[in-house]
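Participant: sequence and predicted model, in that order:
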Amino acid sequence: RELSSLLSISRNTVLTAYADLEQEGLIYAVKGKGNFVNQVETFKSLSIELNWTEKINEQTFLAEKLDLMKHGVRWNKEMISFTSIAPDEKLFDVENFKKAFLNRMSIEGDIVLNYGYAKGYKPLIDYLLHYMENKGVDIRNKDILITNGFTEGLDLLLSTLNKKTGRLICENPTHHSALKLFRLHGFEIDGIDMEDDGVNVRKLEKCLLKKEYDFAYFIPSYHNPTGIVTSSEKRKKIMDLFSTYQLPIVEDGFNEELRYSGSHQAPLAAFAGFGNNVIYISSFSKILFPGLRVGWILADKELIYYLESMKRARTVHTSTLDQAVLYQYLNDGYFEKYIKKAKAVYKKKYELAIHYCKQYIPCKRITGDGGLHLFIELDNNIDSQKLLETCYQKGVVFSPGNVFYTDSSGKHTLRLGFSRLNEREIIQGIKIIGDTLKNNFGG
């Protein structure tokens, strides 16, 4: 009574607190006398300090070395940052996502909060198979494995495929995260130069004549980092070439939905027809909700069968709750409305960025047919890293291009991601880069 009066709380609260403390063994009760503090002993062993650096393996040291979040440019919120190509969170369809969450929980909340299946949530798998079929892919004898985003999908695949030659072939430059995984898995990487309509097929064929490869990796739509879309003619040539050499192709379905003009380009997986040499990996991370970390692999049923076991051994399964809510959101038709709105906003930013880059940045070449970024090749082999250091002092940062190259070349290139910037920041940032080039580097 005294304690409840002293603390201005109810007697039941005090009794509950005493009961909890007694259950934890911190106090004991003596009938007729009250509650007393127990003697609690904590045993400690001798303290030692290990040198953990000595216990780290070479692969981990390499991962740390390639970690751009640690070794890339540091920036703060006051700066104009062109480094990100993530979606603008201001566009996120939060209200409809809440509805999808509540709808799915009311339908099968008891199921989605339990363990799920390594292969994935079946309604989402069925939805994505139909989604890929609408892209022109022949889904006969194909299947899907749900992953924690694109990165886990590629990592699982690299852990599953037999390393016969230890070599792969890809576009140069290419996706930094993919390059990082290839290197961590010990692959030798041969990069083929990009032309305005995709990879240089002549050089590609020459490499295939000279060497044997385990597989190829391509990003045919809104290529990261160049933003180039591979033409239909080149897609067919690539498929014909790899059919001749009987080689697998890993296709990165990066940002395919962010087409602002022109006709739809069918993925390489569609060009394969009933064939099974294309492994298509994608996610909605760059256009929808990156925080969900839901991606997928579409491939031959036999390969998915083995990838499922690797997935189960590694991470058991992707969050069933995340998969189920995403399925509900997609199935309710919210995605189509969201992407229509997002494309209108990103198209405006894209056109603005293209216009001001051409106006203010002296350069050899600007590429980017859509998506959320542009790629710039500077004149006179100007070092983009040195340009970045000067722009940093003026409050602007971007991604130097050399990190995307298979051979560490491309020091005269840079990537500008505009998705998370407003119009004022895009214009101001591009002007600062342009002025810096002219005034400090003779551009």
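Facilitator: In hand now; what should we look at?
Participant: quick one, helices of the stretch 251-400 of the chain?
Facilitator: For the stretch 251-400 of the chain, helices defined by DSSP state H, counting those that start in this stretch occupy the ranges 268-271, 301-315, 320-331, 334-360, 384-393.
Participant: so which elements touch the first one?
Facilitator: Okay, so that is helix 268-271. If contacts are counted by 3 or more Cβ pairs under 8 Å, 6 or more residues apart in numbering; DSSP states H and E, helix 268-271 sits against helix 232-244, strand 249-252, strand 278-283. Where you see a C-beta, it was placed from the backbone N, CA and C, and this is true even at glycine.
Participant: before we move on, the earlier item: determine which stretch of the helices of the stretch 251-400 of the chain is the most buried.
Facilitator: helix 268-271 (a mean of 24; mean count of other Cβ atoms under 10 Å).
Participant: hmm, who's touching that helix?
Facilitator: Residues from elsewhere that reach helix 268-271 (Cβ atoms under 8 Å, 6 or more residues apart in numbering): 132, 135-138, 218, 220, 235-236, 238-239, 249, 251, 278, 280, 298.
Participant: ok, 10 Å please
Facilitator: For helix 268-271, contacts defined as Cβ atoms under 10 Å, 6 or more residues apart in numbering pick out 132-133, 135-139, 142, 216, 218, 220-221, 230, 232, 235-240, 242-243, 249-253, 275-280, 282, 298-299.
Participant: and it, how far from the chain's centre?
Facilitator: 22 Å (Cα atoms, centre = their mean, to the nearest Å).
Participant: and stretch 242-251, by the same measure?
Facilitator: On the basis of Cα atoms, centre = their mean, stretch 242-251 is displaced by 24 Å from the centre of the chain it belongs to.
Participant: what of stretch 419-433?
Facilitator: Relative to the chain's own centre, stretch 419-433 is displaced by 23 Å; criterion: Cα atoms, centre = their mean.
Participant: list the buried residues for that stretch?
Facilitator: In terms of neighbour count (16 or more other Cβ atoms under 10 Å), stretch 419-433 has its buried residues at Ser419, Arg420, Leu421, Glu425, Ile426, Ile427, Gln428, Gly429, Ile430, Ile432, Ile433.
Participant: now stretch 218-234
Facilitator: Those would be 218-230, 234, for stretch 218-234 by 16+ other Cβ under 10 Å.
Participant: what's the most distant pair in the residues you listed?
Facilitator: Greatest spatial distance in those: Pro225 and Lys234, 18.6 Å, computed using Cβ to Cβ.
Participant: rewinding a little: what about the buried residues of stretch 218-234, which are in strands?
Facilitator: Taking DSSP state E, the ones among those that sit in strands are Phe218.
Participant: looking at the buried residues of stretch 218-234, which is nearest Leu128?
Facilitator: Using Cβ to Cβ, Ser221 comes nearest to Leu128 of the buried residues of stretch 218-234, at 17.2 Å.
Participant: how close does the closest one get to Ile382?
Facilitator: 29 Å (Cβ to Cβ, to the nearest Å).
Participant: which residues are in contact with the closest residue to Ala272 other than its chain neighbours?
Facilitator: By the measure of Cβ to Cβ, 6 or more residues apart in numbering, the closest residue to Ala272 outside its immediate chain neighbours is Val278, 4.4 Å from it. Neighbouring residues of Val278 by Cβ under 10 Å, 6+ apart: 137, 142, 216, 218, 239, 242, 248-251, 267-272, 298-300.
Participant: same check on Leu68?
Facilitator: Counted by Cβ under 10 Å, 6+ apart, Leu68 has contacts Thr83, His176, Ser177, Lys180, Ser399, Val403.
Participant: out of those residues, which sit inside strands?
Facilitator: Per DSSP E, the contacts of Leu68 map to strands at Ser399.
Participant: so of the contacts of Leu68, which ones are in helices?
Facilitator: Within the contacts of Leu68, residues falling in helices by DSSP state H are His176, Ser177, Lys180.
Participant: quick one: the first one from Asn224, how far?
Facilitator: Computed as Cβ to Cβ, the His176 to Asn224 distance reads 8 Å.
Participant: where are the low-confidence patches of this structure?
Facilitator: Where the chain drops to pLDDT under 70, the residues are 262.
Participant: okay, now the domains of it?
Facilitator: 1-37, 67-85+336-441, 94-332 (the TED database).
Participant: between those, which one is closest to Thr60.
Facilitator: Nearest to Thr60, of all these, is domain 94-332, at 9.2 Å by Cβ to Cβ.
Participant: so how far is the first residue of that closest one from its last?
Facilitator: Separation of the first and last residues of domain 94-332 by Cα to Cα, to the nearest Å is 14 Å.
Participant: same question for stretch 358-376.
Facilitator: Taking Cα to Cα, the first and last residues of stretch 358-376 lie 10 Å apart.
Participant: tell me the buried residues in that stretch?
Facilitator: 360-361, 363, 366-376.
Participant: ok, Gly275 to Asn141 distance?
Facilitator: With Cβ to Cβ as the criterion, Gly275 and Asn141 are 10 Å apart.
Participant: now do Asp93
Facilitator: For Asp93, the distance to Asn141 equals 35 Å [Cβ to Cβ].
Participant: the more surrounded of these two?
Facilitator: Taking neighbours as other Cβ atoms under 10 Å, Asp93 and Asn141 compare with Asp93 leading, 19 against 11.
Participant: what's the closest residue to Leu21 other than its chain neighbours sitting at in phi/psi?
Facilitator: Leaving aside its sequence neighbours, Leu21 sits nearest to Ile27 (Cβ to Cβ, 6+ apart; 4.6 Å). Main-chain dihedrals, Ile27, degrees, to the nearest 10: phi -140, psi 170.
Participant: and Ile27, what is it in contact with?
Facilitator: Ile27 neighbours (Cβ under 10 Å, 6+ apart): Ala17, Tyr18, Ala19, Asp20, Leu21, Gly34, Asn35, Phe36, Val37, Asn38, Val40.
Participant: among those, which one lies nearest to Asn200?
Facilitator: Asp20 (70.2 Å).
Participant: name the element the closest one belongs to?
Facilitator: Asp20 belongs to helix 11-23 when elements are defined using DSSP states H and E.
Participant: quick one: list the elements packing against the longest strand along the chain.
Facilitator: Secondary structure of the chain per DSSP E: the longest strand is strand 188-195. With contacts defined as 3 or more Cβ pairs under 10 Å, 6 or more residues apart in numbering; DSSP states H and E, strand 188-195 has these neighbours: strand 167-172, helix 176-184, strand 198-199, helix 201-210, strand 215-218.
Participant: how about that strand: buried residues?
Facilitator: Within strand 188-195, the residues scored as buried using 16+ other Cβ under 10 Å are Ile189, Asp190, Gly191, Ile192, Met194, Glu195.
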